[in-house]
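Undergrad: A structural model of the following input is requested.
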Amino acid sequence: MSDLIAQAQQLAADLLDSPTLAQRWAHVRGVGQRAVELTATVEPAKRDLLVAASWLHDIGYAASLVDTGLHSLDGARYLQQHGFPPELVGLVAHHTCARFEAAERGLANELAIFPLDDGPLMDALVTADLTVGPQGQRLNADERIAEILRRYPPQSQVHRAINRAAPLLLAHVRRTLDRLDHTALDDGQARER
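TA: Model (predicted):
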């Protein structure tokens, strides 16, 4: 395990492993495990970033970090202040189409200062987040989106944002699963040769 991943796991545990955030912590642990399964979909040099971001994506829910109420922004600000790599900070800031919720909350300009990776790395992070439920259980992306929409009332900013972002979120997942399928095929062909 790389130093970056170990540091991310420890920080996530320090901030989220508490009775009040037990469900969030279960989700984050599941997302961390899922990200490891998806590393083949990103270039080798980016794999540690994917796994570290998966452990850190929800740290903005920790009471000590809540500032704006947009967990992705609050988490990214904390990571930036503590010297984490800008690419990692940007992944946390923008995970799971956070720009939609930022717009709902009037925080689009604040979020826009962080770099947005909209390639395979973000696809894999979104996929890890959207294929793990609140208790860390595996779900498909449609089930996860439906679960989020049930959890938040229709008038909430989160509900409206996820509802609007759903087609893009599903596209992130589709691209990642396609890459995973291609990787499996390539591995199978390599073994046959």
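
Undergrad: how about the helices in the chain?
TA: Counting by DSSP state H, the chain has helices at residues 3-16, 22-37, 47-56, 71-81, 86-94, 98-105, 108-112, 120-130, 141-151, 157-192.

Undergrad: Quick one: distance of the fourth one to the chain centre.
TA: Shown here is helix 71-81, whose average C-alpha point lies 13 Å from the average C-alpha point of the whole chain (C-alpha atoms, centre = their mean, to the nearest Å).

Undergrad: ok so, going back, any chance of the helices of the chain in a markdown table, plus distance to Ala63?
TA: (C-beta placed from N, C-alpha, C; glycine too.) As requested, these are exported to a markdown table (distance: least, C-beta to C-beta, whole Å):
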| stretch | distance to Ala63 |
| --- | --- |
| helix 3-16 | 9 |
| helix 22-37 | 11 |
| helix 47-56 | 16 |
| helix 71-81 | 11 |
| helix 86-94 | 18 |
| helix 98-105 | 18 |
| helix 108-112 | 20 |
| helix 120-130 | 21 |
| helix 141-151 | 19 |
| helix 157-192 | 18 |
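
Undergrad: who wins for proximity to Ala62 among the ones you listed?
TA: Ala62 lies closest, by C-beta to C-beta, to one member of the helices of the chain: helix 3-16, at 3.9 Å.

Undergrad: packing partners for that closest one?
TA: Packing partners of helix 3-16 (3 or more C-beta pairs under 8 Å, 6 or more residues apart in numbering; DSSP states H and E): helix 22-37, helix 47-56.

Undergrad: So which elements touch the first one?
TA: For helix 22-37, the helices and strands in contact under the criterion 3+ C-beta pairs under 8 Å, 6+ apart are helix 3-16, helix 47-56, helix 120-130.

Undergrad: coming back round to it: could the helices of the chain be laid out in CSV, adding mean neighbour count and mean pLDDT?
TA: Below are the helices of the chain laid out as CSV (neighbours: other C-beta atoms under 10 Å; pLDDT from 0 to 100):
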stretch, mean neighbour count, mean pLDDT
helix 3-16, 18, 98
helix 22-37, 20, 98
helix 47-56, 26, 98
helix 71-81, 22, 98
helix 86-94, 23, 98
helix 98-105, 21, 98
helix 108-112, 15, 98
helix 120-130, 25, 98
helix 141-151, 16, 97
helix 157-192, 15, 86
